[in-house]
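J.: I would like the atomic coordinates for the input below:
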Amino acid sequence: MRPVVAIDGPAGSGKSTLARSLGEVLGLDVLDTGAMYRAATLRVIAVMGEDLPTPVGESRDDSWKLHVAEVVRECVIDVDSRVRLDGLDVTEDIRTDRVDQVVSIVASIPVLREDLVSRQRQWIYAHGGGVVEGRDIGTVVYPDADLKVYLTASIESRAERRAIEKAIGEKAEIESMIDRRDKLDMSRATGALPSIEMTALAASGKENNIMVIDSTEHNADDVLNMVLSRLEHIGIYRFSKTEVPEHGVEKHPHEEVPG
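T.: Okay, the predicted model is just below:
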């Protein structure tokens, strides 16, 4: 089996950019697990509407969660360069504001997460490894990943990136939305997003295969080079020094180190 690189972190930290770049350089397939949850959310909205309960506490009637999980269980979700839901291309549809507002609520449902985590593990085995990004890859989906990267950034920086990405200027509103998502992602009962303090503590004990990167003051090339340096250090890949591509890191040829 080829290496598995897990990339976790909050919204807007640069996970997708890093995952795509690593996949290209290392010749590995890439799975965006967030896209899976977004596709599931799109189906839930179509079936149940957008007025879902806020997942605070467990004292209320939680039968709606089982209904949501059943709706998603019946879906076929394919994530590649495009995202397909039951065969339909929904790559753009899953990035809308209405999905942004609901995805953390849908993703908080334990039985639904169990279903999608199982699918994510199946993807890893079917692809013989890969670069997998999300919120709980290194902690829940694949704790034995060869390298676990926790990527973070200040909320201001993340909001600015999202504002540019969405071509809108309401940075304060985006900050509020990101802060709300962070709180929901970190407080859910299953597959919670680790805090940077918890991840840094883990990294201090296993510094070879866990790394924490704050991308606030670093561009995408800087972050990619940091990860590639760590991969080289732990002996997963050896990079040729003869060719430097436009993104500033050695790309081809590279050879896998046996073992």
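J.: quick one: low-confidence ranges for this structure?
T.: 50-51, 53-61, 161-207, 239-259 (pLDDT under 70).
J.: Now do the strands in it.
T.: Ranges of strands in the chain, per DSSP state E, are 4-8, 30-32, 77-79, 83-85, 88-89, 130-134, 147-152, 210-214, 237-239, 254-256.
J.: Of the ones you listed, which is nearest Thr96?
T.: strand 83-85 (12.7 Å; CB to CB). To be clear about C-beta, it is placed using only N, CA and C from the backbone, and glycine gets the same treatment.
J.: partners of the closest one in the sheet?
T.: Here strand 83-85 has these sheet partners by DSSP bridges: strand 77-79 (antiparallel), strand 88-89 (antiparallel).
J.: could you dump the strands of the chain to a markdown table with mean neighbour count and distance to Leu224?
T.: What follows is the strands of the chain, written out as a markdown table (neighbours: other CB atoms under 10 Å; distance: least, CB to CB, whole Å):
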| stretch | mean neighbour count | distance to Leu224 |
| --- | --- | --- |
| strand 4-8 | 26 | 11 |
| strand 30-32 | 22 | 13 |
| strand 77-79 | 19 | 21 |
| strand 83-85 | 20 | 23 |
| strand 88-89 | 11 | 28 |
| strand 130-134 | 27 | 12 |
| strand 147-152 | 26 | 11 |
| strand 210-214 | 19 | 10 |
| strand 237-239 | 17 | 12 |
| strand 254-256 | 13 | 14 |
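J.: Among the ones you listed, which comes closest to Leu112?
T.: Using CB to CB, the nearest of those to Leu112 is strand 77-79, at 11.9 Å.
J.: closest to Asp136 out of the strands paired with strand 83-85?
T.: Per CB to CB, nearest to Asp136 of the strands paired with strand 83-85: strand 77-79, 16.2 Å.
J.: Adding distance to Leu231, write the strands of the chain out as CSV.
T.: Below are those laid out as CSV (distance: least, CB to CB, whole Å):
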stretch, distance to Leu231
strand 4-8, 8
strand 30-32, 15
strand 77-79, 23
strand 83-85, 27
strand 88-89, 33
strand 130-134, 11
strand 147-152, 6
strand 210-214, 10
strand 237-239, 5
strand 254-256, 10
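J.: For Ile77, which non-adjacent residue is spatially closest?
T.: Excluding its sequence neighbours, the residue lying closest to Ile77 (CB to CB, 6 or more residues apart in numbering) is Ala39, at 4.8 Å.
J.: who are the neighbours in contact with that neighbour?
T.: Cys75, Ile77, Val79, Val83, Arg84, Leu85, Val90, Ile94 (CB atoms under 8 Å, 6 or more residues apart in numbering).
J.: ok, back up a step: between the strands of the chain, which one is closest to Val111.
T.: When those are compared by CB to CB, strand 77-79 sits nearest Val111, at 16.1 Å.
J.: what sits up against the closest one?
T.: Contacts of strand 77-79 (CB under 8 Å, 6+ apart): Leu31, Asp32, Thr33, Ala35, Met36, Ala39, Ala40, Val83, Arg84, Leu85, Arg119, Trp123.
J.: Count the neighbours of the third one for me.
T.: Thr33: 25 surrounding residues under other CB atoms under 10 Å.
J.: And for it, nearest residue in space, chain neighbours not counted?
T.: Gly134 (3.5 Å).
J.: likewise the last one?
T.: Once its chain neighbours are removed from consideration, Trp123 has its nearest residue in Leu31; the separation is 5.3 Å (CB to CB, 6+ apart).
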